[in-house]
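Q: Dropping the sequence and predicted coords here.
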Amino acid sequence: MGDDGAMTTTQGASDATADREVLDWETFGSAAREVAQAVVDSGFVPDVVVSVARGGLPPGGAIAYALGTKAVGTMNVEFYTGVGSTLPEPLLLPPLLDTEAVRGLRALVVDDVADSGETLALVQRLLAQDCSEVRTAVLYAKTRSVVDPDYVWRRTDRWITFPWSALPPVEAAR
């Protein structure tokens with residue numbers, strides 16, 4: 001980890017440009033394991049990993065596997081409607097996580113990026129009402145984020161292209 005809490009590495013965004021950082025699948029796998037290692041090294045042992053859907057699903061699953069954590073949940077939050085375009089505030093979408101099921105547990109909330117941090121802040125606030133401890137992990141954090149995640153693989157202020165969202169949704173064959 002670097003002095004700013006971010007993990008430092010010479011790999012990371014492959015094909016990075018001045019305005020965009022592009023993460024490929026191979027580097028994603030390494031990044032997820034590095035975040036998991038930072039969690040282990042800190043002494044935190046989560047009882048449950050809660051992924052923020054949708055972008056947090058791939059890193060949440062990968063980090064949960066790397067930690068050996070079998071209890072995994074999701075919170076589905078909509079905030080970004082496009083590049084640089086958001087709703088006025090994050091909105092929880094169904095299905096909702098059964099917070100009774102996480103009462104008293106130590107939770108690790110995982111998302112792909114803490115951009116504005118509003119989504120991560122909402123999920124952290126909601127889980128803190130029931131969990132004994134809540135920590136946050138992201139692949140990327142931006143300086144403008146209202147949340148400084150506990151575990152960050154890389155810090156950047158560029159727009160990030162993730163391998164799971166690089167292409168448009170598939171369409172029916174015509």
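A: Received the coordinates, thanks. Residues are numbered from 1 along each chain as shown.

Q: beta partners of A53?
A: N76 (DSSP bridges).

Q: What is the neighbour count of it?
A: By the criterion of other C-beta atoms under 10 Å, A53 has 16 neighbours. No exception for glycine: its C-beta is placed from N, CA and C like everyone else's.

Q: go on, V138?
A: Around V138 there are 29 residues (other C-beta under 10 Å).

Q: again, but for the one 10 residues further on
A: By the other C-beta under 10 Å criterion, the neighbourhood of D148 contains 14 residues.

Q: My guess is it contacts V138. True?
A: No. The pair D148 and V138 does not pass the contact test of C-beta atoms under 8 Å, sitting 10.2 Å apart.

Q: Could you name every residue contacting both of these two?
A: Common contacts of D148 and V138, defined by C-beta atoms under 8 Å, 6 or more residues apart in numbering, comprise A114.

Q: Can you give me the neighbour number for the closest residue to R103 other than its chain neighbours?
A: Distance criterion C-beta to C-beta, 6 or more residues apart in numbering; nearest residue to R103, sequence neighbours excluded, is D130 at 4.6 Å. Using other C-beta under 10 Å, D130 has 17 other residues around it.
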